[in-house]
Structure formats: structure tokens, C-alpha cells
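S.K.: Just to be clear, the model below is a prediction. Sequence and coordinates:
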Amino acid sequence: MRILLTCHVRFASAMAWYTFHLARGLLKQGHDVWLSAKKDSPLAEWASREKIPGSHCRDYRSGSPTELWRSYRELTQTIREFKPDILNPHCPPGHTLLALANRGKLPLIRTVADPRPPKSHFVNRYLHERKTSGMIYSTASSLLRYDSVFNFTHTEEKVILPGLDLSLFPLVESGSLREKFNVPEDALFAAIVARMSPEKGQELLIEALALLAEETRRKIVVLLTGDDSKERRASDLEAHARSKGVLNSLRFADRQSDVRPLLNEIDLGIITSTRSEAVCRIALEFMAYKKPIISTDINILPEVVRNGVNGWCVSTTDPRAFANSLEDAVRNRAMLSRLGQQGHELLLNEFTVDKMTESTTSFYKRIIERNERAS
């Protein structure tokens, strides 16, 4: 098949990550791919480094009519010259521009790897309900959000969970991070790998730690690593932890340029998000290194973190349940190895990039065949 992909996002977001790995997977399977990424974006850099064919000189999110016209012209020319079998935008502006450039001739499938709800207005309803052949969602929670807005009588839908490329996560040597962050040898070493923004919910961990008995809390050290955000900094979380009397159980570090040595060395992964997480690649990366997970129940997380299988999944509004999970992890250290191994098996069975790609191409073929029968 020949597949035209678009994903115009500014940051190294989950949407960009999902698109990039799908493009790599499609190329690996022998398909022809053309990818349009936003100019000067991380996705454009990744695609260029991997030599993924496409264009990275346009900005579909621009407020300039001239830039949008040039983007439209580029897409119409690409459709004419590349002759794709399927159009698969992964971003709202790409969806709109491809619908205009396509003029209804080719099957158009929108992929949603973003937790934001769709806008409900006439143009968006017409775009999704009448100009779109299929919808792919990275999580069942997004399918529910879109079904609450649109009436998909002519548009097929499919949840295709994200997949990790395990070749990027080989075994690594255990380092000296326990020593670096002053983690006692007998302590449970855990980590939250996320930027310090409110939707990542690190304060839930702080509230949970405060509910633990002091004897239990002394047996836990959690590293919080990630960039500061505009809304919140690591120093704000430090101050909050100090006010709750749990600062001794926490360590803080800037974002790790290579997170793999950390994932290899910790005993437990923690995810405290209260929003976002339409892909949650860090959960898959914890699983790649056989680490059990304590997570909240937002968006994709219940689909990845399963109680009693690879960890604990608790409510975003229940610090006591989170504290109980931490206590279980401390008291049942032998159980952690079993949960980690089961998580790795779950990853191999359901969350590989090969499985994601195979499910996507199968959906492509079904939509193409349906469109051919209708024409």
C-alpha cells in the first residue's frame, strides 16, 4: 500500500510518537509512506533522521492564509504524484486540509492519539461524519468521547492500542543511580518520569505518601524526573512535599536524556496523571524492563495497567487507594518480580509496534475494500 500520513504538532507529544512509530512500522512491512510533519518540530527531526519520505517545510497550524494555501497546494500535488491508497491524518489541521485536497476520491482515515474531546460544530460534524471513511483511536476512552459528539453512521471506528519498538529497549547494565540519589539498599526505589505540569498529578503521590505510616514511608524513595512546565516547577512540588512532611521520601532530577538505565534500575514505575495519557508510552517502557506499575485510571491507563496483572490502577481522586498500593508494593517485594514479568508478557502480546502496524494495515484494507464496493 501507499500511505500518506500527516502529523503537525509542535512538541514531542504522544501523537507525534504514535505517528512516528507507525510510519517506521509501515516501512518495515514494505509499504510506501509519505509523512508531512510540522516545520522544525521533533517529529520532523525524527523522520529526517530515520529517512522517512515526506515533507517537513510546512505548518498546517499557521494563522497565515498564504501558508495554509501553500500547504493545501503541496498536499494536492503530493496526492497527484505519490498516488496514495489511503490518507491518514493524525492531527486536526491535516484532517481538514486532506479532506479539501482529496475531494472525496480516496479513503480518508483520521487517527486520534490525543485525549482532548472533539469540537462540536457543523463544520467538524460534516468533516467527521461525511468526509471521513474511518476513525482510529489509540484508546477506547477517545472512542467514547467522539461517539458522544458525532453520529458515525457512515464512518467505521477502530481502537488500535499503541505499540513499543522493543529493539529500542535492549538490556542495559545496572548503573549507580541508587548511590547517586542516595537510595538505601533496602528501600523500594520507584520513579515518576513526567514533566512537572499539573496534569501529570505528582501531588497525588505526595498526598498518598503522607497517609502512610512513617515506618512504611521510610522504606520508599521515589525519583521525580522531568522538565519544569509553565504552570509548575519541581521546586513547587518540593515545597508541597515539605509541607506534608514527606520530602525525605522524594528525589528530584532534570529530565533524563536516556531513561533506559533508570528504568532498568528501579523496582517500581509510578504514573499519577489526572489528564492526558492517550498513549502513555512510559507505561510501555516500564513494562519493557519488567517493572510493575502503580497508575491512575485516566484515559488509556486502565487498558495498559491491570490490577493484579502488571500492577495497580487506582482512581485519580483516591489518595488512600494510592497509599494502599504503595504499602502493598513495600510489604510484598517478592510479588513485584511476578507483576513485572506478567507486564512484560502483556507488552509482547498486545503492545508491540508490529501488532499496532498489523492492526492498522488490516483496517486500511477493510476501508479500501468498502470504498471500492461503494464506488
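M.R.: Arrived safely.
S.K.: Who are the contact partners of residue 6?
M.R.: 35-37, 60, 75, 88-91, 94-95, 97-98 (Cβ atoms under 8 Å, 6 or more residues apart in numbering). C-beta: built from backbone N, CA, C; applies to glycine.
S.K.: any weak-confidence spans in this protein?
M.R.: Scanning the chain for pLDDT under 70 picks out 174.
S.K.: count of neighbours near the closest residue in space to residue 247 that isn't next to it in sequence?
M.R.: Nearest non-adjacent residue to residue 247, counting by Cβ to Cβ, 6 or more residues apart in numbering: residue 241, 4.4 Å away. Residue 241 has 23 neighbouring residues, counting by other Cβ atoms under 10 Å.
S.K.: Would you check how far apart residue 241 and residue 272 are?
M.R.: As defined by Cβ to Cβ, to the nearest Å, residue 241 lies at a distance of 13 Å from residue 272.
S.K.: Next: residue 84.
M.R.: 41 Å.
S.K.: my guess is residue 27 contacts residue 47, does it?
M.R.: No - the pair residue 27 / residue 47 is not scored as a contact, 10.7 Å apart, by Cβ atoms under 8 Å.
S.K.: Comparing the two, which residue is more hemmed in?
M.R.: Using other Cβ under 10 Å, the more surrounded residue of residue 27 and residue 47 is residue 47, with 26 against 18.
S.K.: how much space is there between the more buried one and residue 245?
M.R.: From residue 47 over to residue 245 the distance is 48 Å, taken as Cβ to Cβ.
S.K.: helices or strands next to the helix of greatest length in the chain in the packing?
M.R.: Ranked by number of residues, the top helix in the chain under DSSP state H is helix 353-374. Where contact means 3 or more Cβ pairs under 8 Å, 6 or more residues apart in numbering; DSSP states H and E, helix 353-374 is packed against helix 14-28, strand 86-89, strand 109-112, strand 134-137, strand 156-159.
S.K.: strands paired with the fourth one, and their directions?
M.R.: Pointing back at strand 134-137 there. strand 109-112 (parallel), strand 156-159 (parallel) (DSSP bridges).
S.K.: Buried residues in it, which are they?
M.R.: Going by neighbour count (16 or more other Cβ atoms under 10 Å), the buried part of strand 134-137 is 134, 135, 136, 137.
S.K.: which stretches of the protein form strands?
M.R.: 2-7, 32-38, 54-58, 86-89, 109-112, 134-137, 156-159, 188-193, 220-225, 250-253, 268-271, 293-296, 311-314 (DSSP state E).
S.K.: Looking at those, which is nearest to residue 375?
M.R.: Among the strands of the chain, strand 86-89 comes nearest to residue 375, with 14.6 Å by Cβ to Cβ.
S.K.: For the closest one, what is the distance to the chain centroid?
M.R.: Put simply, strand 86-89 sits 20 Å off its chain's centre (Cα atoms, centre = their mean, to the nearest Å).
S.K.: Stretch 203-221 now?
M.R.: 28 Å.
S.K.: before we move on, what about stretch 121-138?
M.R.: Distance, centroid of stretch 121-138 to centroid of chain: 22 Å (Cα atoms, centre = their mean).
S.K.: That one: which residues count as buried?
M.R.: 124, 127, 128, 131, 132, 133, 134, 135, 136, 137, 138.
S.K.: okay, now the nearest residue in space to residue 184 that is not next to it in sequence: neighbour count?
M.R.: Spatial nearest neighbour of residue 184, chain neighbours left out: residue 221 (7.3 Å); criterion: Cβ to Cβ, 6+ apart. Neighbourhood size, residue 221 [other Cβ under 10 Å]: 22.
S.K.: for the one 5 residues further on, same thing?
M.R.: Residue 226 is flanked by 20 other residues according to other Cβ under 10 Å.
S.K.: now swap in residue 217 and tell me
M.R.: 21.
S.K.: how about the closest residue to it other than its chain neighbours, what does it touch?
M.R.: Leaving aside its sequence neighbours, residue 217 sits nearest to residue 249 (Cβ to Cβ, 6+ apart; 5.4 Å). Residue 249 sits next to 209, 217, 218, 220, 221, 222, 241 when contact means Cβ under 8 Å, 6+ apart.
S.K.: Relative to residue 265, how far out is residue 249?
M.R.: 18 Å.
S.K.: returning to that earlier point: list just the nearest of the contacts of residue 249 to residue 283.
M.R.: residue 222 (16.3 Å).
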